[in-house]
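1. this one's sequence-less:
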């Protein structure tokens, strides 16, 4: 098997933290049969080489928050997967394709955060939290927490009415404060322009939209469309 990989320590650590969920490192170690010290070193980004596919399989088998084996294999750098290692690694249906794009968006956002001057740290999800997709703590004069929700929007002509209505409905049930920032991250420029021209009314949230380019793996722009008042 070809051992050469492009291991993204930061993204893998974030995925591993998400997979661990609200369990302690010792509890996750017990369930996965991987030593707590080994898990801790990956979480602290102290290991330059990726875990073996066998170890990743152990992590994924006991993962919370819908983290999959393929997500972790991608972050570990096993982009070209050997035939006997993983079957059907390339997406074969729409759901798998969207999950792959969502993982790409996650990688882009985390890389973007790593290049910022402000200090931040990953927050642990609360239980089996599936909304939002990412939560961080900030050392900032304005915001103390930053929430991210990733949304893949396919199709150039269609406007994302059902998707956006669903997002706003969920956001209304999510408790926010004046020092919280919430960003909806999308990969479709027409949808970005649509949202920017039609901000929500009477929503108490510091809401932003961020446009990313998954092909060039960059954040293009971010705009605030709603203020907490």
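-> Sure, I can see it. Here the structure is a predicted model, which means the values were calculated and not measured.
2. Helices along this protein, start to end?
-> 9-20, 25-32, 36-43, 53-61, 69-76, 94-114, 161-172, 189-197 (DSSP state H).
3. Relative to residue 203, which of those is closest?
-> Proximity of these to residue 203 was assessed by C-beta to C-beta; the nearest stretch is helix 161-172, lying at 7.1 Å. Just so you know, the C-beta spots here come from the backbone N, C-alpha and C atoms, and that holds for glycine as well.
4. Okay, buried residues for the closest one please.
-> Under the neighbour-count criterion of 16 or more other C-beta atoms under 10 Å, helix 161-172 has 163-164, 167, 171 buried.
5. Direction included, what does the top strand by length along the chain pair against?
-> The strand spanning the most residues in the chain, taking DSSP state E as the definition, is strand 218-226. According to DSSP bridges, strand 218-226 has the following sheet partners: strand 207-213 (antiparallel).
6. buried ones in the partner strand?
-> Using 16+ other C-beta under 10 Å as the burial criterion, the residues of strand 207-213 that qualify are 207-212.
7. And for stretch 146-156?
-> Within stretch 146-156, the residues that qualify as buried by neighbour count (16+ other C-beta under 10 Å) are 146-153.
8. Could you check the angle the lowest-mean-pLDDT helix or strand in the chain makes with helix 189-197?
-> Across the helices and strands of the chain, mean pLDDT, DSSP states H and E gives its lowest value to helix 161-172, namely a mean of 79. Interaxial angle, helix 161-172 versus helix 189-197 (axes from the mean of the first three to the mean of the last three C-alpha atoms, to 10 degrees): 50 degrees.
9. Which neighbouring residues are in contact with the residue positioned nearest the centre of the chain, exactly?
-> If you average the C-alpha coordinates of the chain and look for the closest C-alpha using C-alpha atoms, centre = their mean, you land on residue 106, 3.7 Å from that point. With contacts defined as C-beta atoms under 8 Å, 6 or more residues apart in numbering, residue 106 is in contact with 11, 14, 133-134, 150.
10. Where does pLDDT dip in this structure?
-> Applying pLDDT under 70 to the chain flags the ranges 1-5, 79-95, 124-129, 154-162.
11. Residue 34 versus residue 139, what's the distance?
-> In this structure, residue 139 and residue 34 are separated by 32 Å, where distance is defined by C-beta to C-beta, to the nearest Å.
12. coming back round to it: let me know the closest of the contacts of residue 106 to residue 178.
-> The nearest one, if we look at the contacts of residue 106 relative to residue 178 and count by C-beta to C-beta, is residue 134, at 20.5 Å.
13. I figured that closest one was touching residue 109, is that so?
-> Yes: taking C-beta atoms under 8 Å as the contact criterion, residue 134 and residue 109 are neighbours in contact, 6.8 Å apart.
14. Stretch 54-70: end-to-end distance?
-> Start and end residues of stretch 54-70 are separated by 13 Å (C-alpha to C-alpha, to the nearest Å).
15. For it, which outside residues touch it?
-> Stretch 54-70 is contacted from outside by 15-16, 18-23, 28, 31-34, 38, 50-51, 71-73, 76, 86, 89, 99-100, 125, 128-130, using C-beta under 8 Å, 6+ apart.
16. what do you get for stretch 171-191?
-> Contact with stretch 171-191 is made by 101, 105, 109, 131-132, 138, 142-154, 156, 159-160, 167, 192, 195, 203-214, 220, 222, 228, as judged by C-beta under 8 Å, 6+ apart.
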